[in-house]
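In: What would the 3D arrangement of this be:
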Amino acid sequence: MARFSLCLTVGVCIWLGGCGKNAAGNPWNNPYPADQSHDNIYYDVFEERPKHLDPASSYVSNEYIFIGQIYEPPLQYHFLRRPYELIPLTATAMPEVRYFDSAGKALGEDAPAAEVERAVYTIHIRPGILFQPHPAFARDSQGHYLYHNLDHSALADKRVLSDFKATGTRELTAADYVYQIKRFAHPGVHSPIGSLMEKYILGLEELSAQLGRDLGAGPGTYTDLRDYVLAGARAIDRYTFEITLKEKYPQLLYWLSMTFFSPMPWEADRFYSQPGLFEKNIVLDWYPVGTGPYMLTENNPNRRMVLERNPNFRGEAFPEEGEAGDEAQGFLRDAGQTMPFIDKAVYSLEKESIPAWNKFMQGYYDVSGIESDNFDQAVQFSAEGDAQVTEEMQAKGIRLLTAIATSSYYMGFNMQDDVIGGDGERARLLRRAISIAVDYEEYISIFTNGRGVPAQGPVPPGIFGFVDGATGINRYVYEWRNGKPQRRSVAEARQILDQAGYPGGRDRVTGRPLVLYLDTPAAGPGAKAVLDWYRKQFAKLGIQLVIRATDFNRFQEKVNKGTVQLFTWGWNADYPDPENFMFLLYGPNIRVGKQGENIANYENAEFDRLFDRMKNIGNGPERQAIINEMVTILRQDAPWLWGYHPVGFALFHDWYRNIKPNLMANNTLKYKRIDPELRHRSRLAWNRPVLWPVGLLALLFAVSLVPAWRTYKRRERSRIV
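Out: Residues are numbered from 1 along each chain as shown. The predicted structure follows:
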């Protein structure tokens, strides 16, 4: 037994000696392979598995994280300049735009939209751009495609894309962009922007009808879209294509920066359309193929996603100029350097916030959001109200970046409702009273840790048309006092409610209490606090608010039918243009009967007339004046309780550079830079194991063996005697 105790003690000492680092000099809790500790790898998380990686089908931000680095539309947003500015990506220059009237006569750039019968966009792309290595391009010595006619025997040993050993590439051409636009009309693609683009692109609606007649929507059959003619999209030569619209629509330029308009090689469409591949889930939705700086090399959405450098990428120079202050903040240190800077990006699935936060604090993730549970640990506010990181974060070199999101969260009134809706003065005053009473400053403080800006209208900061300061406030809800907007008092809201015919929250005619209904898909303990808060806000006016919670599908059904009364909603900008927010209140875009995005079913003839003028003219004083008129109408009618614009908070480690927020661009990974050596040293410093409790336990265990050892020796001696 004494011998065993000695061995145990020696063993524990050996274990303690090797516990701090492994043989490769890495922390013992390192979740990554030891040989990658010094590699140029970016580490981040994703919370929801991506469903669509086909650029014609994807319309979700958690999918753009990946496809935005793989696919390249003609245009992109300048990484540094604000307001957001479109610049060429694969295009050699910004598209040339020409307008024509019904007789084919050329018109000027400032031609009224009513006179424009055709708008032609000519786009020239750069020669020499190559697609990533992919089996769809692989050929034999005679030039025949190796994998375009696979039978079941050839697919017997193929389970993932990497099982196809041969790969190839080819040059990007204008025809690849035309092919992608035709895919909007394909019944099997289900593009979410197909119906919208049919309104604008010449012949797309007709092509959709033709393909619907010719094809089935099921997988496993290939239709060569090169055989179909689309009048609104055609290749002029190898590097030039044209898009023809049926009307003036300047917002097309923004769409040309989105992955919907990325090129699609016919070879990839042909390859992935083979029935045997679909059965094995070797499809475009799972294995994208693009020309961008990165390619997807691992798709395991239940564990991790991995992007690696595209070896065929041509390289791109980091911007050499930005806006005032960028140089001082270090955003131009890489000016002119060839991108991308990072070799590999590993995204791990983290469904819970606590494990993700702990790994960020240990240095195993390079960036982190801030959940409410961690907010006080990460952020403190100065006496002036400015957010800054806590001393604990400062000690680790962690930095904070904030940015007002180009988003609006609001409460909507169903304008078709008999009580709260309509254009009558009584309902309008009721909506105004509620708009004052529901205190979104308090909401932001309680539920978002102060991460929000109360909205004065539909257009958020950073979008043309937003007006700041005293001239930009909603005078029906706010006053300008002491250099900032102050919400009007509840007493004033009660007076307005009295004018509406509901003194003290009761109908003056019937004497019955006013009961309103908020429909929501929110349920569970997390939603209860918010819903209780809404009840209290309405109770200030004596109004009873009844919460009608349902599942999301039922809620959507009620919204579509217009049977909701009040609801909460939100909108994230697709592109940085006021049209993208104003159309949410455009009459022809109502939800009931037309399935548009005007969920409030708001209709105002003057607003609609101004919208039609505003949407088709360029940014400038004339457009701003029209927007001001539109916002005035909306504030008067109050179809929304304007809510707030969220402010994004993110934390970055000191080894992570080029972190200027860009809320419009989806292809920002190529700009990022990592210092792997600084990260490795920090991980070692932050993950030293606390060993003394283990040593103490080992010592106590050894000491506890002493009485047993003595008892054993006494028994041995007694036997001898």
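In: Check which element follows the helix or strand that contains residue 354 along the chain.
Out: Using DSSP states H and E, residue 354 maps to helix 353-361. Scanning forward in sequence from helix 353-361 by DSSP H and E, the next helix or strand is strand 367-369.
In: Summarise which helices and strands that following strand is packed against.
Out: Applying 3 or more C-beta pairs under 8 Å, 6 or more residues apart in numbering; DSSP states H and E, we find strand 367-369 packed against helix 353-361, strand 640-652. From N, CA and C alone the C-beta is placed, and that goes for glycine too.
In: name the helices or strands packed onto the longest one?
Out: In terms of contacts (3+ C-beta pairs under 8 Å, 6+ apart), strand 640-652 is packed against strand 367-369, strand 399-404, strand 407-413, helix 425-437, helix 440-447, strand 452-454.
In: How many residues are close by residue 689?
Out: When counting by other C-beta atoms under 10 Å, one arrives at 14 neighbours for residue 689.
In: my bad, residue 717
Out: Neighbour count for residue 717, taken as other C-beta under 10 Å: 9.
In: Next: residue 624.
Out: Residues near residue 624, counting by other C-beta under 10 Å, number 16.
In: can you list the domains in this protein?
Out: Per automatic domain parsing, the domain ranges recorded for the chain read 54-298, 407-648.
In: between those domains, which one is nearest to residue 702?
Out: Closest approach to residue 702 among the domains of the chain is made by domain 54-298 (47.0 Å; C-beta to C-beta).
In: What's the end-to-end length of the closest one?
Out: End-to-end span of domain 54-298 (C-alpha to C-alpha, to the nearest Å): 16 Å.
In: ok, now stretch 287-303?
Out: From its first residue to its last, stretch 287-303 covers 16 Å (C-alpha to C-alpha).
In: Tell me how far that stretch lies from the chain's centre.
Out: Relative to its parent chain, stretch 287-303 has a centroid offset of 18 Å by C-alpha atoms, centre = their mean, to the nearest Å.
In: How many neighbouring residues does residue 297 have?
Out: For residue 297, the neighbour count with other C-beta under 10 Å is 14.
In: Please disregard the earlier target; I meant residue 237.
Out: By the criterion of other C-beta under 10 Å, residue 237 has 10 neighbours.
In: same deal with the one 4 residues further on?
Out: Applying the criterion other C-beta under 10 Å, we find 24 residues in the vicinity of residue 241.
In: how about the helices and strands packed on strand 640-652 in JSON lines, adding mean neighbour count, mean pLDDT and distance to residue 461?
Out: Shown next, in JSON lines, are the helices and strands packed on strand 640-652 (neighbours: other C-beta atoms under 10 Å; pLDDT from 0 to 100; distance: least, C-beta to C-beta, whole Å):
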{"stretch": "strand 367-369", "mean neighbour count": "18", "mean pLDDT": "95", "distance to residue 461": "20"}
{"stretch": "strand 399-404", "mean neighbour count": "16", "mean pLDDT": "92", "distance to residue 461": "5"}
{"stretch": "strand 407-413", "mean neighbour count": "22", "mean pLDDT": "95", "distance to residue 461": "11"}
{"stretch": "helix 425-437", "mean neighbour count": "22", "mean pLDDT": "97", "distance to residue 461": "20"}
{"stretch": "helix 440-447", "mean neighbour count": "16", "mean pLDDT": "94", "distance to residue 461": "15"}
{"stretch": "strand 452-454", "mean neighbour count": "19", "mean pLDDT": "95", "distance to residue 461": "7"}
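In: Poorly predicted segments of the stretch 501-650 of the chain, please.
Out: Scanning the stretch 501-650 of the chain for pLDDT under 70 picks out 523-524.
In: where along it do the helices fall?
Out: Counting by DSSP state H, counting those that start in this stretch, the stretch 501-650 of the chain has these helices, from start to end: 525-539, 552-561, 579-582, 605-614, 621-637.
In: residues in contact with the closest residue in space to residue 256 that isn't next to it in sequence?
Out: Spatial nearest neighbour of residue 256, chain neighbours left out: residue 75 (4.7 Å); criterion: C-beta to C-beta, 6 or more residues apart in numbering. Listed by C-beta atoms under 8 Å, 6 or more residues apart in numbering, the contact set of residue 75 reads 86-89, 91, 94-95, 253, 256-257.
In: Going through these, which ones are buried?
Out: Buried subset of those (neighbour count, 16 or more other C-beta atoms under 10 Å): 86, 88-89, 91, 95, 253, 256-257.
In: quick revisit: for the helix holding residue 354, which helices and strands make contact with it?
Out: Using 3+ C-beta pairs under 8 Å, 6+ apart, the elements in contact with helix 353-361 are strand 367-369, helix 372-378.
In: Can you give the strand pairings for the first one, parallel or anti for each?
Out: When sheet partners are counted by DSSP bridges, strand 367-369 sits next to strand 640-652 (antiparallel).
In: Just the CA atoms of the strand it pairs with, as PDB, please.
Out: Taking Å, rounded to 0.1, in the frame of the first residue of the first chain, the C-alpha atoms of strand 640-652 are listed here in PDB:
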ATOM      1  CA  TRP A 640     -46.900  52.900 -37.100                       C
ATOM      2  CA  LEU A 641     -45.800  53.500 -33.600                       C
ATOM      3  CA  TRP A 642     -42.300  54.300 -34.900                       C
ATOM      4  CA  GLY A 643     -40.400  52.300 -32.300                       C
ATOM      5  CA  TYR A 644     -36.600  52.400 -32.500                       C
ATOM      6  CA  HIS A 645     -33.500  51.700 -34.600                       C
ATOM      7  CA  PRO A 646     -31.300  49.100 -32.800                       C
ATOM      8  CA  VAL A 647     -27.600  49.900 -32.100                       C
ATOM      9  CA  GLY A 648     -25.300  47.000 -32.700                       C
ATOM     10  CA  PHE A 649     -22.600  46.400 -30.100                       C
ATOM     11  CA  ALA A 650     -19.600  44.100 -30.900                       C
ATOM     12  CA  LEU A 651     -16.400  43.200 -29.200                       C
ATOM     13  CA  PHE A 652     -13.100  42.600 -30.900                       C
END
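In: could you point out where the stretch 251-400 of the chain is predicted with low confidence?
Out: Answering for the stretch 251-400 of the chain: no residues sit below the bar, that is pLDDT under 70.
In: need the strands for it, in chain order.
Out: In the stretch 251-400 of the chain, the strands defined using DSSP state E, counting those that start in this stretch lie at 294-300, 304-309, 316-317, 338-339, 344-349, 367-369, 379-381, 387-389, 399-404.
In: Out of those, which gets nearest to residue 243?
Out: Closest of the strands of the stretch 251-400 of the chain to residue 243 is strand 316-317, at 24.0 Å (criterion: C-beta to C-beta).
In: so can I have a markdown table of the strands of the stretch 251-400 of the chain showing distance to residue 710?
Out: Putting those into a markdown table (distance: least, C-beta to C-beta, whole Å) gives the following:
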| stretch | distance to residue 710 |
| --- | --- |
| strand 294-300 | 57 |
| strand 304-309 | 55 |
| strand 316-317 | 77 |
| strand 338-339 | 72 |
| strand 344-349 | 53 |
| strand 367-369 | 55 |
| strand 379-381 | 58 |
| strand 387-389 | 57 |
| strand 399-404 | 60 |
